[in-house]
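Asker: got a predicted model here, sequence first, then my questions.
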Amino acid sequence: MPTGNSSLAPNSAIPAPAGPVVLLVLDGVGEGKRDEFDAVAVARTPTLDALRANSVFRSILAHGPYVGLPSESDMGNSEVGHNTLGAGRIFDQGAKRIDKAIESGAIWDGAWSEIVAQVHQRDSALHLIGLLSDGNVHSSMVHLQVLISKAAQAGIRRVYVHGLLDGRDVPDRTGEQYVITIEKQLAEAAAAIVGGADYRVASGGGRMVTTMDRYEADWRIVERGWQAHVLGTARPFTSALTAISTLREETPGISDQLIPPFTIVGPDDLPIGAVRDGDAVIFFNFRGDRAIELSQALTAGPEFDSFNRGRVPEIYFAGMTLYDGDTNTPAHRLVEPEPVPDTISEYLAGAGVTQWAGAETQKFGHVTYFWNGNRSEKFDAATETYVEIPSDQVPFNERPWMKSAETADAIIAAIRSGDYRFIRANFPGGDMVGHTGSFESAVIAMESIDLAIGRIQQEVERTRGTLVITADHGNAEDMVERDKQGQPTLVADGSPRWKTAHSTNPIPLIIADYDNRVFHLRDDLPKGGLANVAATLIELLGYEAPKEFEPSLITE
Ligand SMILES: O=C(O)[C@H](O)COP(=O)(O)O
Ligand SMILES: [Mn+2]
Ligand SMILES: [Mn+2]
């Protein structure tokens, strides 16, 4: 039985097209300066260029307040972007939700009191695992700092931070600064505890090789994190700063995200903060995609078979928030999420509109789980199909074409089947290759995506459907770190300081209709953004958009 809301009325002005409405989300493809650091502009993209020139085209906003983030300077990201695309409305998101729970004190109403009770009763340690970053995408330094202060106030005597290095949502090669900040706070907090306390960084590693895998793309990443944080058997160092400087010397130019995992050991060569029976563990990341797998490893029983965990400590585990609503992962959390109700998928399922969603592994959950308001189950299994194409397990600058061709194959098969009225897919190249900081690779990523779009476009045209192309946030269109005036910055040898993070740029919206329907862009929505896309899609499918949605960007 569909769980959908079935109140979509037919649109009297814009009829449904003969063929499907096909939405392509080009992950991390914004509207840039079209200069030599804009991989989207530098790439040879004849199909995208022709679509921009010959169909309905405008740019829309995908950052900060337009996707529910605190300020204009917050770059967008995939979670909030796909949540907003699917919800058709703007909700408080990510960091902002946790910030509010800290302000109101609600953060201490959930699992926190059980954590404190456990640590006192068992005379055990509290472990804080997560990303050391102020990118505000997966985690926030402020949240970690608040937890450390609160632990000290609660008189907890042993606190160990297992800190992952970012270099992906913040400028690269800045990892040390975050470690220095946290070590200083840990030392101050410990010094203030009467009778002495042990507050230290106990392990770490670059986030793309340690712990933060997503969508089960490569469990070995989580296994390495398990060894570093839980077992304490990663490569030993006497401090996190020594670890980072040594590992950097061994691989000059290494990105923070790729720094191998490490464990801090004491003079006896034993790990200072391995996870033991009776301990409490908080994963302080708030975003789910890259937090689910370690959470599973930390809480699953003997049936767990994604890697061999060896010793499995008996612990109290809590996440910062709920990471997966369908599997209730994790069972304990500090902040309860606000569900996103009445997404576009739910409305379409309720109206009986057949839907297909697909992407390669790296973004599969984005077009399903995030798109559906953090829900991985379908609304109506009878009318929805999800297809995942396995991603390569390599740094993506080495395979920048990713699975663009295979994704196009799957979309074309879905169109040809005639079974689906709404098809949505994600092409990750602009984002995943943009994050590597390799400009040449990002150009190739865009060219391979353009080739894929060309093939899809022909099929949409042949079936008299509508092709809609947008993105979720920027990345590949601005590949250089800029100063406050927007000028590119250089490294010591005069080469550009390549940027690995997202941008705050607007993103494109292209609507190419091949059924000769008449509609125009509205001119009264200059601040239109991702939240306006769902209503636009519903109108393009031939229905009236729900009243609670942000308005459609088109009019008859
Ligand atoms: O998880 C990541 O890869 C980055 O932190 C954010 O990228 P995404 O929001 O595009 O997934
Ligand atoms: Mn993205
Ligand atoms: Mn990204």
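Answerer: That came through fine. Ligands and ions are numbered 1, 2, ... in the order given.
Asker: run through the neighbouring helices and strands of the helix or strand of the chain with the lowest mean pLDDT.
Answerer: The weakest-scoring helix or strand in the chain, judged by mean pLDDT, DSSP states H and E, is helix 94-104 (a mean of 94). Here helix 94-104 touches helix 141-153, strand 316-321, strand 333-335, going by 3 or more CB pairs under 8 Å, 6 or more residues apart in numbering; DSSP states H and E. For glycine as for every other residue, the C-beta is placed from the backbone atoms N, C-alpha and C.
Asker: output the contacting helices and strands for the helix ranked longest in the chain.
Answerer: Ranked by residue count and defined by DSSP state H, the top helix of the chain is helix 439-462. If you count contacts as 3+ CB pairs under 8 Å, 6+ apart, helix 439-462 packs onto strand 21-26, helix 39-42, helix 46-54, helix 404-417, helix 429-434, strand 466-471.
Asker: what helix or strand is Lys184 on?
Answerer: Following DSSP states H and E, one finds Lys184 within helix 175-191.
Asker: what does Ile423 give?
Answerer: Per DSSP H and E: strand 422-427 holds Ile423.
Asker: paired strands for that strand, with orientation please.
Answerer: strand 21-26 (parallel), strand 355-360 (parallel) (DSSP bridges).
Asker: quick check: next helix or strand after the last one?
Answerer: So that's strand 355-360. Next in sequence after strand 355-360, counting helices and strands by DSSP H and E, comes helix 361-365.
Asker: returning to what we had before: point out the most buried one among the helices and strands packed on helix 439-462.
Answerer: Highest mean neighbour count of the helices and strands packed on helix 439-462: helix 429-434, a mean of 31 (counted as mean count of other CB atoms under 10 Å).
Asker: just how off-centre is that one within its chain?
Answerer: Put simply, helix 429-434 sits 13 Å off its chain's centre (CA atoms, centre = their mean, to the nearest Å).
Asker: kindly export it (C-alpha atoms) in PDB.
Answerer: Output of helix 429-434 as PDB, limited to C-alpha atoms (Å, rounded to 0.1, in the frame of the first residue of the first chain):
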ATOM      1  CA  GLY A 429      31.600  13.700 -11.000                       C
ATOM      2  CA  GLY A 430      31.600  17.500 -10.500                       C
ATOM      3  CA  ASP A 431      31.600  17.000  -6.800                       C
ATOM      4  CA  MET A 432      33.600  13.800  -6.100                       C
ATOM      5  CA  VAL A 433      36.300  14.800  -8.500                       C
ATOM      6  CA  GLY A 434      36.100  18.500  -7.500                       C
END
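Asker: is ligand 1 within reach of that helix?
Answerer: Yes. Judged by CB under 6 Å from any ligand atom, helix 429-434 comes into contact with ligand 1 through Asp431.
Asker: which strands and helices sit next to that helix?
Answerer: Against helix 429-434 (3+ CB pairs under 8 Å, 6+ apart) you get helix 39-42, helix 361-365, helix 439-462.
Asker: what's the closest of those helices to Ala151?
Answerer: Checking these against Ala151 by CB to CB gives helix 361-365 as the closest, at 31.7 Å.
Asker: give the buried residues for the closest one.
Answerer: 361-365 (16 or more other CB atoms under 10 Å).
Asker: and which of these is nearest to Arg173?
Answerer: For those, the nearest to Arg173 is Gln362 (23.6 Å; CB to CB).
Asker: coming back round to it: now the helices and strands packed on helix 439-462 as TSV including distance to Ala152 and mean pLDDT?
Answerer: Supplementary listing: the helices and strands packed on helix 439-462 in TSV, determined by distance: least, CB to CB, whole Å; pLDDT from 0 to 100:
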stretch	distance to Ala152	mean pLDDT
strand 21-26	44	99
helix 39-42	46	98
helix 46-54	53	98
helix 404-417	49	99
helix 429-434	38	98
strand 466-471	43	99
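Asker: for the residue lying closest to Arg157 once chain neighbours are set aside, grab phi and psi.
Answerer: Nearest non-adjacent residue to Arg157, counting by CB to CB, 6 or more residues apart in numbering: Ala197, 4.7 Å away. With angles defined as degrees, to the nearest 10, Ala197 sits at phi -160, psi 160.
Asker: quick one: Ala197 from Ile148, how far?
Answerer: Ala197 is 11 Å from Ile148, where distance means CB to CB, to the nearest Å.
Asker: circling back: ok now the longest helix of the chain, how far from the chain's centre?
Answerer: Relative to its chain's centre, helix 439-462 lies at 23 Å (CA atoms, centre = their mean).
Asker: ok and it relative to helix 46-54, angle-wise?
Answerer: 60 degrees (axes from the mean of the first three to the mean of the last three CA atoms, to 10 degrees).
Asker: so which bits of helix 439-462 are buried?
Answerer: For helix 439-462, by 16+ other CB under 10 Å, it's 439, 441-454, 456-457, 459-461.
Asker: got the CA positions of that helix in CSV?
Answerer: The C-alpha atoms that make up helix 439-462 are tabulated as CSV, following Å, rounded to 0.1, in the frame of the first residue of the first chain:
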residue,chain,number,x,y,z
PHE,A,439,41.6,20.6,-12.0
GLU,A,440,42.5,18.4,-15.0
SER,A,441,40.5,15.5,-13.6
ALA,A,442,37.5,17.8,-12.9
VAL,A,443,37.5,18.9,-16.5
ILE,A,444,37.4,15.2,-17.6
ALA,A,445,34.6,14.5,-15.1
MET,A,446,32.5,17.3,-16.7
GLU,A,447,33.3,16.1,-20.3
SER,A,448,32.2,12.5,-19.4
ILE,A,449,29.0,13.8,-17.9
ASP,A,450,28.3,15.9,-20.9
LEU,A,451,28.7,12.9,-23.1
ALA,A,452,26.2,11.0,-20.9
ILE,A,453,23.7,13.8,-21.0
GLY,A,454,23.9,13.9,-24.8
ARG,A,455,22.8,10.3,-25.0
ILE,A,456,20.0,10.8,-22.4
GLN,A,457,18.8,14.0,-24.2
GLN,A,458,18.2,12.1,-27.4
GLU,A,459,16.1,9.5,-25.7
VAL,A,460,14.0,12.1,-23.9
GLU,A,461,13.5,13.9,-27.2
ARG,A,462,12.5,10.7,-29.0
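Asker: so who does the spatially most distant residue from the centre of the chain touch?
Answerer: No residue in the chain sits farther from the centre than Gly195, which is 42.1 Å out by CA atoms, centre = their mean. Contact partners of Gly195, counting by CB atoms under 8 Å, 6 or more residues apart in numbering, are Arg157.
Asker: any idea how far it is from Thr555?
Answerer: Gly195 sits 70 Å away from Thr555, going by CB to CB.
Asker: same question, Val335
Answerer: As judged by CB to CB, Val335 and Thr555 stand 40 Å apart.
Asker: what do you get for Glu346?
Answerer: According to CB to CB, Glu346 and Thr555 sit 25 Å apart.
Asker: with adjacent residues omitted, what lies nearest to the closest residue to ligand 1 within the stretch 401-550 of the chain?
Answerer: Residue of the stretch 401-550 of the chain nearest ligand 1, by CB to the nearest ligand atom: Asp431 (4.6 Å). Of all residues not flanking Asp431 in the chain, Gly28 sits nearest, at 2.7 Å (CB to CB, 6+ apart).
Asker: and what of Val146?
Answerer: Ile102 (5.6 Å).
Asker: the one you found: neighbour count?
Answerer: 19 (other CB atoms under 10 Å).
Asker: I figured it hits Leu147, correct?
Answerer: No. The pair Ile102 / Leu147 is not scored as a contact, 9.7 Å apart, by CB atoms under 8 Å.
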